[in-house]
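**Q** Sequence first, predicted model second:
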Amino acid sequence: MDETSLLLARMQFAANITFHILFPTVTIALGWMLLFFRLRFKATRDAKWEEAYYFWTKVFALTFALGVVSGITMSFQFGTNWPGFMEKAGNIAGPLLGYEVLTAFFLEATFLGIMLFGRGRVSERTHLIATFLVAFGTTMSAFWILSLNSWMQTPAGYEIINGKFHATDWFAIVFNPSFPYRFTHMLIASGLTMSFVVAGVSAWQILKKIDTPATAAAFKAAIVAAAVLIPIQIVVGDMHGLNTLKHQPAKIAAMEGLWNTEKGAPLVLFGIPDKETRSNLYAIEIPKLASLILTHDPDGEVKGINEFEGKHPPVLQVFWAFRLMVGTGMLMLLVSWVTLVYLRKRTPATLPKPLLYVLSGMVFAGWLATVSGWYVSEIGRQPYIVYGVVTVAETAAKHAPALIGLTFVGYLLLYTFLLIAYVLVVKRLAERPNRGQALTLPVHMRARAQSQAQAGD
């Protein structure tokens, strides 16, 4: 295949997955936060929890819609740009994608309608169940997608007949060696992304002096969630790294910028990997720390990139994407813990303005960390599409570079427009000072809602 066409096809897929992953990353965890708000309202009957619930339900619905639209584009790309993948692995990929639609998407789409429009029309218990099912559906969606993607990283439970994959053990396929780590890592990443979105928007409302008790309640819940989840993510990330070292050592070598196999390998804090000299320019290293982290032995042996000639990913991109992910995570840890310390003696409305501005500026910090981590995972799998078995070049459609380039530019323009529109709509929702008044039901609907709530309880 023409190298230019292959590169453009990969760039187009990267643009699609980058845009798509932004929205499920928010909704997976936001569904559970909405359930928390609903449970708190049911337990306390405090109106601030209901207000928080309905405000963030609007954000959830908007985010869910864009996730669906971009997800459809992703599925089309399998046929237009990567027909070889479905031809070879369709017996495995097809059912997993089908399970995601049947067990997750239908669940989310159906009960989201009850969440949005069921107020005053169904009992509180039914509304609570609908919220749970939407949250559960988003998690199940992540389950099936991560199962397929993990199988592509660490394939198991298959045999190849006439060049096509056939399932021999569905349990081994679904729960492949990297799936538990990748699934857990992604769920926590979603929790962190959601936490900073909620905290950042709430901080902006406080700065604009349009905050309500619901703003403070959502803000505190988000900061506590972030402060608790980040240390857990560090532990899970370490476990995921050890699993990757076992199954994809070339990816680890690129992440760490290690060119030669070494005992007592140093941790490269900074450097510019140079594929020509096969070394790191301007490197800043900590002796033996990479071996200690990866093997839990300061003198442990770590394989270098030179061990995988022709079968390793691009080093520069993986190296820096990994550092961007870790650096963003550390910043999120610092900000969430500092904010939590302040909240011990202050209310959200009395936090220092510089801290509120920082939180507002980090509203989409989780996106940066998630996309960087996804690049590490996906670019780090190169040159394979099914690791160690099928290369990307074997599955790409043989389109002319001009055709792929034209659609690539079209996608970029459309996604840029949609992303700007999304941010502006969320900003407008946050800046509506009378949003709480919009939650008041007409008299006849309030009476009906109260009677149904009593019947449901």
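**A** Sure thing, it's come through. This is a predicted model, so every value here is computed, not measured. Numbering: from 1, shown residues only.
**Q** Could you check how far E50 is from E124?
**A** For E50, the distance to E124 (C-beta to C-beta, to the nearest Å) stands at 10 Å. Glycine gets a C-beta too; all of them are placed from N, C-alpha and C.
**Q** One more: F171?
**A** From F171 across to E124, the span is 39 Å (C-beta to C-beta).
**Q** Neighbour count for these two, which is higher?
**A** More crowded of F171 and E124, by other C-beta atoms under 10 Å: E124, with 20 against 9.
**Q** Hmm, that one is touching A43, no?
**A** No - the pair E124 and A43 fails to qualify as a contact (C-beta atoms under 8 Å) at a distance of 11.7 Å.
**Q** Show me what the mean pLDDT comes to for the strand or helix carrying L316.
**A** Using DSSP states H and E, L316 falls within helix 315-343. Across helix 315-343, the average pLDDT comes to 93.
**Q** Could you pull out the buried residues of it?
**A** Within helix 315-343, the residues that count as buried by 16 or more other C-beta atoms under 10 Å are 315-326, 328-329, 332-333, 335-336, 338-339, 342-343.
**Q** Next: stretch 77-94.
**A** 77-78, 81-82, 84-85, 88-89, 92-93.
**Q** so which pair among these is furthest apart in space?
**A** Within the buried residues of stretch 77-94, two members stand farthest from each other by C-beta to C-beta: N81 and I92, at 19.2 Å.
**Q** Mind giving me the packing neighbours of the helix holding L316?
**A** Helix 315-343 is packed against helix 179-207, helix 213-247, helix 249-256, strand 267-274, helix 353-361, helix 365-379, with contacts defined by 3 or more C-beta pairs under 8 Å, 6 or more residues apart in numbering; DSSP states H and E.
**Q** Of those, flag the one that's most buried.
**A** helix 249-256 (a mean of 25; mean count of other C-beta atoms under 10 Å).
**Q** Output stretch 38-49 as CSV, nothing but the C-alphas.
**A** C-alpha atoms of stretch 38-49 as CSV (Å, rounded to 0.1, in the frame of the first residue of the first chain):
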residue,chain,number,x,y,z
ARG,A,38,-30.5,11.5,43.0
LEU,A,39,-29.9,9.3,46.0
ARG,A,40,-28.8,12.3,48.1
PHE,A,41,-32.0,14.1,47.2
LYS,A,42,-34.1,11.0,48.0
ALA,A,43,-32.4,10.7,51.4
THR,A,44,-32.4,14.3,52.4
ARG,A,45,-35.1,16.0,50.4
ASP,A,46,-32.7,18.9,50.0
ALA,A,47,-33.6,20.8,46.8
LYS,A,48,-30.0,21.5,46.1
TRP,A,49,-29.4,17.9,45.1
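**Q** Name the residues that touch that stretch?
**A** 37, 50, 53, 124, 127-128, 131, 212-214, 216-217 (C-beta atoms under 8 Å, 6 or more residues apart in numbering).
**Q** Same question for stretch 11-19.
**A** Outside stretch 11-19, the residues within contact range by C-beta under 8 Å, 6+ apart are 70, 73-74, 77, 81-82, 371, 374-375, 378, 404, 407-408, 411-412, 415, 418-419.
**Q** Let's see that with 7 Å instead.
**A** Stretch 11-19 has contacts (C-beta atoms under 7 Å, 6 or more residues apart in numbering) with 70, 73-74, 77, 81, 371, 374, 404, 407-408, 411-412, 415, 419.
**Q** how far off helix 365-379 does the longest helix along the chain point, in degrees?
**A** In the chain, with assignment by DSSP state H, the single longest helix is helix 3-44. Here the directions of helix 3-44 and helix 365-379 differ by 140 degrees (axes from the mean of the first three to the mean of the last three C-alpha atoms, to 10 degrees).
**Q** Start the count at 2 instead of 1 going forward.
**A** With 2 as the first residue, the last one maps to helix 4-45.
**Q** Quick check: next helix or strand after helix 4-45?
**A** helix 48-81.
**Q** Now do the same for that next one: mean pLDDT, whole number.
**A** On average, helix 48-81 scores 85.
**Q** in that helix, what counts as buried?
**A** For helix 48-81, the neighbour count (16+ other C-beta under 10 Å) marks 49-61, 63-65, 67-68, 71-72, 74-75, 78-79 as buried.
**Q** what angle separates it from helix 4-45?
**A** Using the same axes, to 10 degrees, helix 48-81 lies at 160 degrees relative to helix 4-45.
**Q** Show the subsequent helix or strand relative to helix 48-81.
**A** helix 84-101.
**Q** what comes into contact with that next one?
**A** Applying C-beta under 7 Å, 6+ apart, the contact partners of helix 84-101 are 79-80, 142, 145-146, 148-149, 152, 159, 164-168, 174, 386-387, 391, 395-398.
**Q** try stretch 185-195
**A** With contact meaning C-beta under 7 Å, 6+ apart, stretch 185-195 is reached by 26-27, 29-31, 34, 143, 147, 226-227, 230-231, 233-234, 237-238, 241, 333, 367-368, 370-371, 374.
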